[in-house]
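# Okay, sequence plus prediction incoming.
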Amino acid sequence: MMRLGIIADDFTGATDIAGFLVANGLSTIQLNGVPDKDLQVQADAVVISLKSRSNPPDEAVAMSLQALDWLRERNCEQFFFKYCSTFDSTARGNIGPVTDALLDALGEELTVICPALPVNGRTIYNGYLFVNGVPLAESGMRHHPVTPMTDSNLMRLMEAQSRGKCGNVRSDDVAQGPEAVKSALEALKAQGMRYAVLDVLNSRDVATVGQAVAGMKLVTGGSGLADGMAKAWTDRLSDPEQAAAAGKPSGARPVVLSGSCSQMTNAQVAAYKEEAPACPVDVVRCLTDDDYADELFAWTRDQQGGDLAPLVFATTDPDTLGRIQRQYGAEQASAAVERTFGRLAKLLAEDGTDTFIVAGGETSGVVVQSLGVTGFHIGPQIAPGVPWVRAVDRPISLALKSGNFGGPRFFFDAQERQG
Ligand SMILES: Nc1ncnc2c1ncn2[C@@H]1O[C@H](COP(=O)(O)OP(=O)(O)OP(=O)(O)O)[C@@H](O)[C@H]1O
Ligand SMILES: O=C(O)[C@@H](O)C(=O)CO
């Protein structure tokens, strides 16, 4: 029987949660997209990574239910819907519709909403989500190209995109420990709530909520909750180093591809291009020129072989991004940039590039899909939430970095931890 079956709404989110499970000693495998019916896997946890975060809600629901079916056939003890620690979604979804569909399919009445990840500055107080001490709607997330977050209240965000009522287990209860959280959840259920936002301020709260949800069939949230759950299972775990061995990076020809426009990625790109060869992506050419990716490929190949991997980046500041989106349309611009990265990654892989350091969840999704990698072994973490991963079916290593994760020198750190 498998312990935990996880459905992740993007690829960096999937490696993020898998990395925390492995760091706690759970053997974990990540499968990209819903796998074949007959695929056999042996692991404590399986993460199915989807690229469903910004699809139309009905598509996201259909993909998530397919993933759930696959996991149910493997008799998972618990199911986890992993979304972003900054609750990336719109009033249409997809967190609400997918959660509703999973609750219905599993015949459950209540689940938790817990995007907290204190180690990366995501905390929840009175149901409000904070990013490094700043309310979500005042953080860089208000400028997100696809899912701008303009409210910080998780109950309101959840109710706007779902069918039920959302309550809050406050930090006073969480501070009292797992039994108090369980009682608060029971009380919310008795009041007819379908979702309960769990306050989490620090690593002690992470451990508490991890224990408190042990009996729930379905939980939802970020990798902090999974970290807490894994810590509650330490009785049956293997050695973390052994759990990460299969995912250790093995490549020799790296490239950095950055399609995230987050504040942190902007800082990382700024630091890296000071010292490494770097090429900005021209969005107009992504929109209009079918051969543009070939040109970027030629440039990248010429720059490989030096001390630092070449960087190709679409990353830009909020003002420039706003101008591009007003002129060309946000969806069209995003899609064109993603297409270009997808094609570039494919050309690079065909030419022997074996190590991809990628910034941005959507960008990572398109890179992984265009490489056609079916799954990953999870390796050691470069930064909290960003492990090295190794393709199961070919000698390619990747670091898929969520937009806001890692420190300013992340691209250097990744290469230093390659050997
Ligand atoms: N210069 C640009 N102009 C328009 N769109 C861009 C530009 N640069 C990147 N994009 C698009 O912005 C989106 C960024 O999303 P992505 O998920 O890759 O990063 P992120 O949201 O910061 O990361 P995460 O989801 O991990 O937090 C992508 O669709 C990308 O193609
Ligand atoms: O939870 C996070 O912040 C990340 O794993 C993520 O989902 C970014 O896309």
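Alright, I've got the coordinates. Ligands and ions are numbered 1, 2, ... in the order given.

# domain parsing for this protein?
Domain ranges of the chain: 4-243, 248-416, per automatic domain parsing.

# pLDDT weak spots in the stretch 101-250 of the chain?
Across the stretch 101-250 of the chain, the ranges flagged by pLDDT under 70 are 234-238.

# Please list the residues of it that sit near ligand 1.
144, 145, 146 (Cβ under 6 Å from any ligand atom). Glycine gets a C-beta too; all of them are placed from N, C-alpha and C.

# do you know how far whatever residue of the stretch 201-350 of the chain ends up closest to ligand 2 is from residue 354?
Nearest residue of the stretch 201-350 of the chain to ligand 2: residue 222, at 4.3 Å (Cβ to the nearest ligand atom). Going from residue 222 to residue 354 by Cβ to Cβ, to the nearest Å gives 30 Å.

# Between these two, which is the more surrounded one?
Ranked by neighbour count (other Cβ atoms under 10 Å), residue 222 and residue 354 place residue 222 first, with 27 against 19.

# I'd say that one and residue 84 touch.
Yes - counting by Cβ atoms under 8 Å, residue 222 touches residue 84, with 6.9 Å between them.

# Mind listing the shared neighbours of those two?
Taking Cβ atoms under 8 Å, 6 or more residues apart in numbering as the contact rule, residue 222 and residue 84 both touch 13, 115.

# Report the distance from the helix of greatest length in the chain to the chain centre.
The helix that spans the most residues within the chain, counting by DSSP state H, is helix 330-350. Offset of helix 330-350 from its chain centre (Cα atoms, centre = their mean, to the nearest Å): 19 Å.

# List the buried residues in stretch 68-84.
Of all the residues in stretch 68-84, those buried under the rule 16 or more other Cβ atoms under 10 Å are 68, 70, 71, 76, 78, 79, 80, 81, 82, 83, 84.

# would you turn those into TSV with distance to ligand 1?
Output for the buried residues of stretch 68-84, formatted as TSV (distance: Cβ to the nearest ligand atom, whole Å):
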residue	distance to ligand 1
68	22
70	24
71	23
76	25
78	24
79	22
80	18
81	16
82	12
83	10
84	6
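
# which of those residues has the weakest pLDDT?
The lowest pLDDT within these belongs to residue 76, with 93.

# Helix, strand, or coil at it?
Put simply, residue 76 is coil when judged by DSSP: H, G, I helix; E, B strand; the rest coil.

# now it: how far from residue 218?
Counting by Cβ to Cβ, the gap from residue 76 to residue 218 is 10 Å.

# so how far is residue 15 from the closest residue to residue 135 other than its chain neighbours?
Spatial nearest neighbour of residue 135, chain neighbours left out: residue 152 (3.9 Å); criterion: Cβ to Cβ, 6 or more residues apart in numbering. Distance, residue 152 to residue 15, using Cβ to Cβ: 26 Å.

# The strand or helix carrying residue 327 near ligand 1 at all?
Using DSSP states H and E, the element containing residue 327 is helix 318-328. Yes - against ligand 1, helix 318-328 shows contacts by Cβ under 6 Å from any ligand atom at 321, 324.

# just checking, what packs against that helix?
Under the contact definition 3 or more Cβ pairs under 8 Å, 6 or more residues apart in numbering; DSSP states H and E, helix 318-328 sits against helix 283-288, helix 330-350.

# Now do the buried residues in the last one.
For helix 330-350, the neighbour count (16+ other Cβ under 10 Å) marks 333-334, 336-349 as buried.

# pLDDT (mean, whole number) over the helix or strand just after that helix?
Per DSSP H and E, the first helix or strand lying C-terminal to helix 330-350 is strand 355-359. Throughout strand 355-359, pLDDT has a mean value of 98.

# What about the closest residue to residue 122 other than its chain neighbours, how many residues nearby?
Excluding its sequence neighbours, the residue lying closest to residue 122 (Cβ to Cβ, 6+ apart) is residue 85, at 4.2 Å. Residue 85 has 29 neighbours, counted by other Cβ under 10 Å.

# a helix runs through residue 85, doesn't it?
No - checked against three-state DSSP, residue 85 lies outside a helix; its state is coil.

# you'd agree it is up against residue 118?
No - the pair residue 85 and residue 118 does not pass the contact test of Cβ under 8 Å, sitting 9.8 Å apart.

# Can you work out which residues contact both of the two?
Joint contacts of residue 85 and residue 118 (Cβ under 8 Å, 6+ apart) are residue 224.

# Am I right that residue 55 is in contact with residue 92?
No - in this structure residue 55 lies outside contact range of residue 92 using Cβ under 8 Å: 10.5 Å.

# out of these two, which sits in the busier spot?
Comparing residue 55 with residue 92 by other Cβ under 10 Å, the one with more neighbours is residue 55, at 16 against 12.

# And that one, how far from residue 7?
14 Å.

# Could you list every helix and strand in contact with the longest helix of the chain?
So helix 330-350, by 3+ Cβ pairs under 8 Å, 6+ apart, packs with strand 254-258, helix 283-288, helix 292-303, helix 318-328, strand 355-359, helix 361-371.

# Report the inter-axis angle for it versus helix 318-328.
In terms of direction (axes from the mean of the first three to the mean of the last three Cα atoms, to 10 degrees), helix 330-350 departs from helix 318-328 by 100 degrees.

# which residues are in contact with helix 330-350?
145-146, 255, 257, 259, 281, 283, 286-287, 292-294, 296-297, 300-301, 312, 314, 324-325, 328, 356, 362-363, 366-367, 369-371, 396.

# got the angle between that helix and strand 355-359?
Using the same axes, to 10 degrees: helix 330-350 against strand 355-359 is 170 degrees.

# residues in contact with the residue nearest to residue 122?
Counting by Cβ under 8 Å, 6+ apart, residue 85 makes contact with 115, 116, 117, 120, 122, 222, 223, 224, 402.
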